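Enquirer: need coordinates for the below:
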Amino acid sequence: LVSDHLFVESTIFGVAHHDPASPFSSSGRSLLASGYALYSSSVELVLSFGINGSIGAFGYTLDPSVVQSSGQIDATCFKLSRPNISCPPNGPYYSLNDGREPDWPEGLRKWISDAKRGKTPSGTKFSSRYVCSLCADVHRTFLKGGWAGNPRPHLRLLYEAAPLAHCAEACGARASDGKQNLLDITPTNIHQRVCVFIGSKETILELESYGDIQQGAASYKA
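Expert: A predicted model of the protein is given here:
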């Protein structure tokens, strides 16, 4: 996988029972497993298992020495590096494109303003961290706390938002569209887009409590 700007690339996937009569019609609550892979200075694979992530989330790192000696990549090349991923219940980072602030709804603008000053109900003083690579921002959030996402309906529910929401549940985190848990949304079409806020459970609930955090659909050239 080659990127001309040396960006963090990723893959997202989910596993659920297939219903031939009505495929791709179930909410994320039907997921049995999900995960994502990150391709950067190292290759990391995060997997979550069980209904609602009940079995937990686990991180694996590709061991280049095993690849070199075997000449191929298979399951034996990945080493368990994060045996039980657990997202902190609160802060201290938020992750979204601050350049879109003029288009934010009032509730989101208010939360960001309060968060920078330590004036949210939790009293946490937040800092901004933004890679602009969804899985990279979400992965850091699972490990360090806070939230990451996109306030406009840009990410696809079935094959981006719901699998990451399953991972979030497995980590003890929360994934929301700004009003409800992403796992509770039943898709109306394969490419349905939703707003996404993923991160520390207390932080996401606090963010939701501000109301009016969903931005309307918009297109940008950069």
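Enquirer: CA only for contacts and neighbour counts going forward, please
Expert: OK.
Enquirer: list the helices and strands the helix or strand hosting residue 155 packs on?
Expert: Using DSSP states H and E, residue 155 maps to strand 147-156. Secondary-structure packing of strand 147-156 (3 or more Cα pairs under 8 Å, 6 or more residues apart in numbering; DSSP states H and E): strand 93-95, helix 134-144, strand 193-199.
Enquirer: how near is the residue of the chain positioned farthest from its centre to residue 32?
Expert: Residue distances from the centre of the chain (Cα atoms, centre = their mean) peak at residue 69, which lies 34.0 Å from the mean C-alpha position. Distance of residue 69 to residue 32, given as Cα to Cα, to the nearest Å: 34 Å.
Enquirer: ditto for residue 218
Expert: 33 Å.
Enquirer: pull out the buried positions in the helix or strand bottoming out on mean pLDDT in the chain.
Expert: Every helix and strand of the chain was ranked by mean pLDDT, DSSP states H and E. The lowest is helix 64-70, at a mean of 86. For helix 64-70, burial by neighbour count (16 or more other Cα atoms under 10 Å) applies to residue 66.
Enquirer: what's the burial count for the closest residue in space to residue 179 that isn't next to it in sequence?
Expert: Closest residue to residue 179 apart from its sequence neighbours, by Cα to Cα, 6 or more residues apart in numbering: residue 208 at 6.3 Å. Residue neighbour count, defined by other Cα atoms under 10 Å, stands at 21 for residue 208.
Enquirer: name the element residue 208 belongs to?
Expert: helix 201-209.
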